[in-house]
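Asker: How does the following fold in three dimensions:
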Amino acid sequence: MRKPFAHQQGRPPARWRGSRRLTFAALSLTAVLPLRAENTNLTDEVRLLREENALLQQQVKSQGAHRRHLDLIFKASQRCRKIVQSLLSFARRHQPERKPVSVNKLIEDVLEIVAYQLRTSNVEVVCRLGTALPVVLADGHQVQQVLLNLINNARQAIEAHQAAGRITITTETSGQSVHIHIQDNGPGIPPENLKRIFDPFFTTKEVGKGTGLGLSLCYGLIKEHGGNIAVTSQPGQGAMFTIDLPATEGTQTVDSNAKSSDTSINHREGAGKKILLVDDEDILLELVRDDLQHHGYEVLTANNGEAALRVLHDHPVDAICCDLKMPGLNGRQIYDWICAGRPDYARRIVFMTGDIINPSLQYFLEQEHLTCLNKPFPLRDLRSALKNIINPAVRI
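Answerer: Numbering: from 1, shown residues only. Next up is the predicted model:
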């Protein structure tokens, strides 16, 4: 009789635990790279769409037809922003962090990422998400990775055996647990494979198309959360994976992004404050400058690092808003110059970047305790960051 694996007795095997970070990173990249998330320049384009639309909405409040078209642009750019941020979030290295999360929100975010693949594979998704579910104490990125893996597996199984199919995702609660069911109407799993489905390195995919780490990793991650994952299947009748996670106190909250944004302008918000804005994209430079000026700030601009240093040499400023990745003198080099020549400015800088998957960049920001906004971001977030670094201090 085959001896059961350690993880089948309630904990992941030692060799899995020892390589968890490596396998999790590999699985994350496997899921993200086919979706072409590497083109982070798209974040600037999405941001430009959103913010130009917001400025136009402020000027066309009373013209119904124009406002309706602008609303359509805004909704489309919001969806693009959400997809881009989710993709970059998956590719970014995260320290494990558990906090109360909504499983419904995690599912919705994952579905945003795979919506195109599902649609082009003729796979319909039916969501039956419970209302007023309790939150779970979890690492959202890890749980999303499990969900992404299960949904991708279901899609691939359907796509390989039939012209169209359906995935049904259900959430519910009972006792002290939240349950997630992911059910497909694909070919199902043969009984002999069902027994080994969570074994490390077991795969039914063709050579070169599967590592056998996906479901084993999913099993270990859910077990680490104090939960359980199981599968039921009948050949020819699809498969259903069920995730059980322990509930915690509180109920799931509404996504803040769903709230209507306030487009009103406080023309005195930045009165008497001078900002240096640095970005190599002239269109973005103009867009952010106009928004800050509309809110009362005096804005000096520079479209490269060398020009930024000349401005800092000639003009006192209250804060600096600087892109990190630029040709020539980049944001990090500007910061080094500031620390050496004008250390009084070192705590007055807000960085912006679309390159959030760069490990060395993340290390730099964490070590220096610097504020950085990941593109695309609402302009109100930039103004909020500027106020936070300006208000506590006296003008330089």
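
Asker: what about the residue nearest to residue 153 when sequence neighbours are not counted, distance to residue 177?
Answerer: Leaving aside its sequence neighbours, residue 153 sits nearest to residue 214 (C-beta to C-beta, 6 or more residues apart in numbering; 7.0 Å). Where you see a C-beta, it was placed from the backbone N, CA and C, and this is true even at glycine. Separation of residue 214 from residue 177 (C-beta to C-beta, to the nearest Å): 24 Å.

Asker: now do residue 325
Answerer: Residue 325 is 44 Å from residue 177, where distance means C-beta to C-beta.

Asker: Equivalent analysis for residue 284, please.
Answerer: In terms of C-beta to C-beta, residue 284 sits 47 Å off from residue 177.

Asker: Strands of the stretch 151-300 of the chain, start to end?
Answerer: For the stretch 151-300 of the chain, the strands defined by DSSP state E, counting those that start in this stretch cover 165-174, 177-184, 228-233, 239-251, 274-278, 298-302.

Asker: Quick check: which of these is buried the most?
Answerer: When those are scored by mean count of other C-beta atoms under 10 Å, the highest mean neighbour count falls to strand 274-278 (a mean of 24).

Asker: Just give the number of residues close to residue 123.
Answerer: 24 (other C-beta atoms under 10 Å).

Asker: same deal with residue 391?
Answerer: Residue 391: 9 neighbours (other C-beta under 10 Å).

Asker: same question, residue 159
Answerer: 18.

Asker: shouldn't it be in contact with residue 123?
Answerer: Yes. At 7.2 Å, residue 159 counts as touching residue 123 under the criterion of C-beta atoms under 8 Å.

Asker: Give me the common contacts of the two.
Answerer: Residues touching both residue 159 and residue 123 comprise residue 165, with contact defined as C-beta atoms under 8 Å, 6 or more residues apart in numbering.

Asker: got the buried residues for stretch 123-135?
Answerer: Under the neighbour-count criterion of 16 or more other C-beta atoms under 10 Å, stretch 123-135 has 123, 125, 129-130, 133-135 buried.

Asker: Widest-spaced pair of these?
Answerer: 123 and 134 (29.8 Å; C-beta to C-beta).

Asker: CA atoms only for stretch 297-313, dumped as PDB, please.
Answerer: These are the backbone C-alpha positions of stretch 297-313, laid out as PDB (Å, rounded to 0.1, in the frame of the first residue of the first chain):
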ATOM      1  CA  TYR A 297      -0.700  74.700  -6.700                       C
ATOM      2  CA  GLU A 298       2.100  76.600  -8.400                       C
ATOM      3  CA  VAL A 299       3.800  74.000 -10.600                       C
ATOM      4  CA  LEU A 300       7.300  73.900 -12.100                       C
ATOM      5  CA  THR A 301       8.000  71.100 -14.700                       C
ATOM      6  CA  ALA A 302      10.900  69.200 -16.000                       C
ATOM      7  CA  ASN A 303      10.800  66.500 -18.600                       C
ATOM      8  CA  ASN A 304      14.200  64.900 -17.700                       C
ATOM      9  CA  GLY A 305      16.400  64.500 -14.700                       C
ATOM     10  CA  GLU A 306      19.000  67.100 -15.700                       C
ATOM     11  CA  ALA A 307      16.400  69.800 -16.100                       C
ATOM     12  CA  ALA A 308      14.900  68.800 -12.700                       C
ATOM     13  CA  LEU A 309      18.300  69.500 -11.000                       C
ATOM     14  CA  ARG A 310      18.500  72.900 -12.700                       C
ATOM     15  CA  VAL A 311      15.100  73.800 -11.300                       C
ATOM     16  CA  LEU A 312      16.000  72.600  -7.800                       C
ATOM     17  CA  HIS A 313      19.200  74.700  -8.000                       C
END
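
Asker: For the stretch 101-250 of the chain, which segments are assigned as helices?
Answerer: Along the stretch 101-250 of the chain, counting by DSSP state H, counting those that start in this stretch, helices occupy 103-120, 140-161, 191-194, 214-224.

Asker: I'd like to know which of the ones you listed lies nearest to residue 317.
Answerer: Per C-beta to C-beta, nearest to residue 317 of these: helix 140-161, 36.8 Å.

Asker: So which bits of the closest one are buried?
Answerer: Here helix 140-161 shows 140-159 as buried, counting by 16+ other C-beta under 10 Å.

Asker: Thanks again, I'm all set now.
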